[in-house]
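1. This is a predicted model, with the sequence first.
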Amino acid sequence: MFINHLRIQHFRGFSNLTVRPNGHVVVMGEAGAGKSDLVESLARVLDSDASRGRITTELDFFNRDTAQPIQIEMTISDIGADLEQEFLDHLELWDTTDNHLLSESDHPDAVDDDRYVWVLRLAYRAKWHPEEERCEEWVFYLTGSDPESDLFPSVRRRGIEKLGFGLLRWSGGRILDFGARSAFRRLIDRAGGNDFPAAIAQYVQDVTNSAGQFTGSGSGQCSSGRRRWAPTRPTGNFGDGPVTDIPVRTRRRLAEWASTLPRAVN
């Protein structure tokens, strides 16, 4: 699944923010910059468990202005053939060259797979009721919606669950704990497959490379004050193939996981 477009309106510290990701994204910033709020905006749309135990208050509205609703809009593609059938009635064409949605009148006679992709547009909306001092919130399809008529086609919980979005929230301890009741373990079990060690190794490698590009070093090295992080080149194999350029501490933890994964995953 790929997020082509994200728009956040009147949510926490964001008055009106548009994000157009280009590949994998690493969010970095100082405290209070809005990193957690950006991630939370994704969960409001895609996490079927996000509403459990959550209480939306006036603080979730930009500048505590509850007269305007919160709306988070998301355009996603690459959801796979099965989910395309699941959401067939709500699919639309997206122009990846110009990064915009095509209207029905603009649909080409022949779809160029290199330029156009089928996308699903979902949105989260929250409306404050001052007389009751509570917030009404829901997830809906943008196709067929009409705010003027108060028409919002709702998305069933089962459909959201099938999208397979997972959010790991740190509340103390190890966020990547692989225990039987951990959020990380549930995420892996839901994903299926049997190549978890190699997938984790590739993920760490991608993050290393992205960090290197972000700092301009191109080698995955970061320095701040007296502290310096640099990848090492371990010996031996992890999973079915060699692993290189992974920090020592991360490599040790991954090695611990790898020794238990065949039994845990299968």
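-> Happy to help now that I have it. Numbers count the residues shown, from 1 in each chain.
2. so where's the chain uncertain?
-> 50-51, 53, 105, 109-110, 168-173, 175, 178, 190-194, 196, 214-266 (pLDDT under 70).
3. Can you point out the buried residues in the longest helix that it contains?
-> Ranked by number of residues, the top helix in the chain under DSSP state H is helix 196-215. Using 16 or more other CB atoms under 10 Å as the test for burial, helix 196-215 gives 196-198, 200-201, 204-205, 208-209, 211-212. To be clear about C-beta, it is placed using only N, CA and C from the backbone, and glycine gets the same treatment.
4. again with stretch 63-83
-> So for stretch 63-83, counting by 16+ other CB under 10 Å, buried means 66, 69-77, 79, 83.
5. which one of these sits closest to residue 114?
-> residue 77 (13.4 Å; CB to CB).
6. which residues does the closest one contact?
-> Applying CB atoms under 8 Å, 6 or more residues apart in numbering, we find residue 77 in contact with 1-2, 4, 94, 117-120.
7. among these, which ones are buried?
-> Buried by 16+ other CB under 10 Å: 4, 94, 117-120, out of the contacts of residue 77.
8. Now do the longest helix of the chain: which elements does it pack against?
-> When contacts are defined as 3 or more CB pairs under 8 Å, 6 or more residues apart in numbering; DSSP states H and E, helix 196-215 packs onto strand 237-238, helix 248-265.
9. what's the longest strand in this structure?
-> strand 116-129 (DSSP state E).
10. what residues does the helix or strand just after that strand touch?
-> Helices and strands here follow DSSP states H and E; after strand 116-129, the next one along the chain is strand 134-141. Under the criterion CB under 8 Å, 6+ apart, residues 44-45, 51, 56-57, 60, 70, 90, 121-129, 152-155, 160 lie in contact with strand 134-141.
11. can you rerun that using 7 Å?
-> 45, 56, 90, 121-129, 152-155, 160 (CB atoms under 7 Å, 6 or more residues apart in numbering).
12. roughly how far is stretch 130-146 from the heart of the chain?
-> Relative to its chain's centre, stretch 130-146 lies at 22 Å (CA atoms, centre = their mean, to the nearest Å).
13. With stretch 36-45 instead?
-> 8 Å.
14. Would you mark the buried spots in that stretch?
-> 37-38, 40-45.
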